[in-house]
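> any chance you could fold what I've pasted below:
(chains A and B)
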Amino acid sequence: MKISCRTISRGVAKGEVLLTHDAISFLGNIDPETGEVVEPQHELYGQSIAGKVLVFPHGKGSTVGSYVIYQLFKNNVAPAAMINLESEPIVAVGAIISEIPLVDRLETDPFEILKNGDRVIVNSSDSFVEINTI
Amino acid sequence: MYLTAEEEKTLEGEYGRSLQKAIEILVALGDIYGADRLIPVKSAQIAGVSYKTMGDAGLEWVSDLEGKVKIPSILNPAGMDITRWKEMGIDPVFAKKQQDIIEAYSKLGIQTKCTCTPYYLEGFDVKLDDHIAWSESSAVSYANSVIGARTNREGGPSALSAALVGKTANYGYHLDEMREPVIAVEVDCNLSGSDYGALGYVIGKTVGSRVPIFYMKNEPSKDEMKSLGAALAASGAVALYHIEGITPEAARNKFTKPDEIIPVERGQIDEVYETNRDILSSEIVTVGCPHCSPEELEKIALLVDGKKLQKEMWVCTAREVAERYPDLVQRIEKSGAKVVCDTCMVVSPATNKYVSITVNSGKALAYVPSMCKVAAKYASIEDCIKEAGVIDED
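Got it, this is the predicted structure:
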């Protein structure tokens, strides 16, 4: 199944879905060395975002978060791709400088059609997300 | 968003990867905020300079970029005075990384002048209705409010992208309709000097990120408006304010008075001077947040002429301004105060070693306690100098 979306950061990547309803502040919530969520209050506390297709509503917090995403990328623990409900500049800029595909505004609510462990392709160069690709 | 054929080519990577990434950032921000197109900007001021905030990742990112900026571009304050960092007690490892960051920006053709007051520098004298891409919150406020130029509060990467492309996305404060005041602030007392920083500190939180219009009893100077805007942007997130009859757009446009009104009384301003009153004597006094104007340097020189200060005192300013007025610098330093360039008490790790500080800036009062873990007291410039422990030489 192909779902159309808006492109924020261009590229193509596939991976397993890791989904959270909590916004993410990359500065503070994520360990840039390991990709692990280190904020105890966060829904994904203790899990790693490395290599995942990370689905979250939007970013928040300090603009330094863009550089944290770049650090994750340099340490090979960045998400493979990201899907937002509505992207904001911190995550958008971080994704672009780190060459991580990022899309938002899917034509169907990603929280209704995606679940953890789903295999998806995020093709933000052609503005679509494809679900259940083995 | 509409892109010209040339911009499309840049986005497709025809002019190299760095320029491609740069325009991709501008287009993404334009899409997020609903911009119709890219517009040319006259200058850029780039945040993300102090190693304290950039870290190795930021350094690596800037070092990886190639090409040259297309418009006059300068930097935000760094974590130290570039030449006198040893005197400030900066760790040599930090100093090396800081110099690497500045060098990386320099390779891109960015002038390595680190200041939050670009408007005092040659080549950055922006005018009413000019479009620019500046980062530092007080510089953004001054440009938008006191000068009437147009800029959003750019992040480091987006300002650098604007510098490389020579353009920014047309949204936010570049548009007339986003510059209308939506909340009124009525000040029912006369204010002077540091009262304006206190005012910004007090009402910034209530105003948030909205555009306020002030109704004042008396007319502030440009330096006073600088203090007001810096504090508004630090305690709140105000990027543009108007003062009825005084700031250029308010004088030109005759804005309708917004329905929501915040009244301000003298007592609220006085309370700011009572912050941390139980600290009888602070260890260091710092002024120049935002960086001192030539007029402010002159005022400080007059206040310290023929005097010796017992405590550490920093007078922060832009290097170019200090170099333009060597006589003022000499007079100030004769008192024992240091004229510190390229940095300030907020972004330098040199501040962290103190327990208590006295400032005359609402912005510094808002940031120093959380960013440097130092207790801050608030005073006028005259009282700051008294706090530094004046001994008459003559």
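> longest strand in chain A, by residue count?
strand A:12-19 (DSSP state E).
> so which elements touch that strand?
Counting contacts by 3 or more Cβ pairs under 8 Å, 6 or more residues apart in numbering or on different chains; DSSP states H and E, strand A:12-19 packs against strand A:53-56, strand A:81-84, strand A:119-123. For glycine as for every other residue, the C-beta is placed from the backbone atoms N, C-alpha and C.
> go through those strands and name the closest to chain B.
strand A:81-84 (10.1 Å; Cβ to the nearest Cβ).
> output the contacting helices and strands for that closest one.
So strand A:81-84, by 3+ Cβ pairs under 8 Å, 6+ apart, packs with strand A:12-19, strand A:53-56, helix A:89-97, strand A:102-104, strand A:119-123.
> who touches the shortest one?
Strand A:102-104 is contacted from outside by A:5-9, A:81-87, A:91-92, A:95-96, A:122, A:124, A:127, A:129, using Cβ atoms under 8 Å, 6 or more residues apart in numbering or on different chains.
> buried subset of those, written for ChimeraX?
Restricted to buried positions by 16 or more other Cβ atoms under 10 Å in any protein chain shown, the ChimeraX selection for the contacts of strand A:102-104 reads:
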select /A:5,6,7,8,9,81,82,83,84,85,87,91,92,95,96,122,124,129
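> residues in chain A within reach of chain B, list them.
With Cβ under 8 Å from any Cβ of the partner chain as the criterion, chain A meets chain B at residues A:6, A:8-10, A:32, A:63-64, A:66-68, A:70-71, A:74, A:87-90, A:92-93, A:96-97.
> residue contacts, the residue in the stretch 201-350 of chain B that chain A sits nearest to?
Nearest residue of the stretch 201-350 of chain B to chain A, counting by Cβ to the nearest Cβ: B:A237, 11.9 Å away. Neighbouring residues of B:A237 by Cβ under 8 Å, 6+ apart: B:S137, B:R153, B:G204, B:G208, B:S209.
> tell me which residues touch the fourth one, please.
Read it as B:G208. Counting by Cβ under 8 Å, 6+ apart, B:G208 has contacts B:G236, B:A237, B:V238.
> next, give phi and psi for the first one.
In other words, B:G236. phi -120, psi -150 (degrees, to the nearest 10).
> check the burial of it by counting its neighbours.
As a burial measure, B:G236 scores 22 neighbours (other Cβ atoms under 10 Å in any protein chain shown).
> you'd agree it is up against B:V207?
Yes: under the criterion of Cβ atoms under 8 Å, B:G236 makes contact with B:V207 at 4.9 Å.
> can you count the residues close to the residue of chain A found nearest chain B?
Residue nearest to chain B within chain A (Cβ to the nearest Cβ): A:Q71, separated by 3.5 Å. Around A:Q71 there are 25 other residues, counting by other Cβ under 10 Å.
> skipping its backbone neighbours, what lies nearest it in space?
With sequence-adjacent residues excluded and distances taken as Cβ to Cβ, 6 or more residues apart in numbering or on different chains, A:Q71 is closest to B:A57, at 3.5 Å.
> is it true that the one you found touches A:Y70?
Yes: using Cβ under 8 Å, B:A57 is in contact with A:Y70, at 4.8 Å.
> show me where chain A dips below the pLDDT cut-off.
Where chain A drops to pLDDT under 70, the residues are A:133-134.
> residue nearest the centroid of it?
A:M82 (2.4 Å; Cα atoms, centre = their mean).
> for B:L160, what are phi and psi?
phi -70, psi -40.
> and the pLDDT at it?
We have a pLDDT of 96 for B:L160.
> ok, residue 1 - contacts?
Assuming you mean chain A. Here A:M1 is in contact with A:I113, A:E130, A:I131, A:N132 (Cβ under 8 Å, 6+ apart).
> that's the other chain; I wanted chain B
So B:M1 contacts B:V27, B:G30, B:D31, B:A35, B:D36, B:R37, B:L38, B:A169 (Cβ under 8 Å, 6+ apart).
> relative to B:K9, how far out is the fourth one?
To tie it back to what came earlier, the one meant is B:A35. 19 Å (Cβ to Cβ, to the nearest Å).
> the closest residue to B:I279 other than its chain neighbours: how many residues sit nearby?
Using Cβ to Cβ, 6+ apart and skipping the chain neighbours, the partner closest in space to B:I279 is B:S356 (4.9 Å). Counted with other Cβ under 10 Å, the neighbours of B:S356 add up to 16.
> for B:L108, same thing?
Per other Cβ under 10 Å, the neighbour tally for B:L108 reads 19.
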